[in-house]
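Peer 1: no sequence on this one, just coordinates:
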């Protein structure tokens, strides 16, 4: 039953969003020396080093969203989307080049947010796995299917973590069915597409502010009870 609620990339994003929501502090950015150390360890297969790099750059996601998109009503959604960009940046960064990770990650985070805004112009039924979402410097397209395929290792990594299993069990056993449904829809925890807050509100015929309030409450409850 637990494996049914764990949904690849969405589960990975929820895991890291728990470090952002309802928190007034973030792990301090790594020094250049520390960053190099963990990048080398990650290149040698260390999943722990990868997790450290992601967690210590979460502050960058929040900074970009608040600096450039503070006037929008989708801050919570944008932080989730920006975290996807951060994870992609960590996984694709070439530390042998003379570029700091934060510089590269900032572009990836901003690109992810921009792609989100573009996607709002299309209905969910218009999206296809073969759709190109960006191209590299050689003109090769990156499709939605490519991003889904790259997320499998993330899910496998999280399933090995006792804390994530506890989070999944907590969600599954929540007493309030409405609150559970909101979290499942928001993060796509039953093999469905994660929905923006306003999409959840429309589907459940409730207000967007109510969805936001419940989401923050549940994430705080998870942190207090499980993490």
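Peer 2: Right, received. Where do you want to start? Note that the coordinates shown come from a computational prediction; the quantities given were computed from them, not determined experimentally. Numbers count the residues shown, from 1 in each chain.

Peer 1: Now do the strands in the protein.
Peer 2: The residue ranges that make up the strands of the chain, judged by DSSP state E, are 132-135, 141-143.

Peer 1: ok, the closest residue to residue 46 other than its chain neighbours - contacts?
Peer 2: In this structure, residue 46 finds its nearest non-sequential neighbour in residue 38, 7.8 Å apart by Cβ to Cβ, 6 or more residues apart in numbering. Just so you know, the C-beta spots here come from the backbone N, C-alpha and C atoms, and that holds for glycine as well. Residues near residue 38 by Cβ atoms under 8 Å, 6 or more residues apart in numbering: 30, 46, 49-50, 52-53.

Peer 1: Generate a ChimeraX selection restricted to the buried entries among those residues.
Peer 2: Burial among the contacts of residue 38 is assessed by 16 or more other Cβ atoms under 10 Å; the matching ChimeraX selection reads:
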select :30,49,50,52,53
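
Peer 1: returning to what we had before: distance check, the residue nearest to residue 46 against residue 222.
Peer 2: According to Cβ to Cβ, to the nearest Å, residue 38 stands 27 Å off from residue 222.

Peer 1: Go through stretch 182-199 and flag the buried ones.
Peer 2: Buried residues in stretch 182-199, counted by 16+ other Cβ under 10 Å: 182-189, 194-199.

Peer 1: Spatially, which two of those are the most separated?
Peer 2: 189 and 198 (18.7 Å; Cβ to Cβ).

Peer 1: what's the pLDDT at residue 45?
Peer 2: On the pLDDT scale, residue 45 is placed at 90.

Peer 1: If you could redo that for residue 192, that was the one I meant.
Peer 2: The pLDDT attached to residue 192 in the predicted structure is 75.

Peer 1: now do residue 69
Peer 2: 69.

Peer 1: repeat for residue 105
Peer 2: pLDDT, residue 105: 91.

Peer 1: quick one: contacts for the nearest residue to it once chain neighbours are set aside?
Peer 2: Distances taken as Cβ to Cβ, 6+ apart put residue 89 closest to residue 105, at 3.9 Å, once the chain neighbours are dropped. Neighbouring residues of residue 89 by Cβ under 8 Å, 6+ apart: 101, 104-105, 107-109.

Peer 1: what about residue 180, neighbour count?
Peer 2: Using other Cβ atoms under 10 Å, residue 180 has 19 other residues around it.

Peer 1: Point out where the protein drops to low pLDDT.
Peer 2: Scanning the chain for pLDDT under 70 picks out 1-25, 68-74, 120-163, 227.

Peer 1: How much space separates the residue nearest to residue 166 when sequence neighbours are not counted from residue 218?
Peer 2: The spatial neighbour of residue 166 that comes closest, neighbours along the chain excluded (Cβ to Cβ, 6+ apart), is residue 226 at 4.7 Å. Using Cβ to Cβ, residue 226 is found at 11 Å from residue 218.
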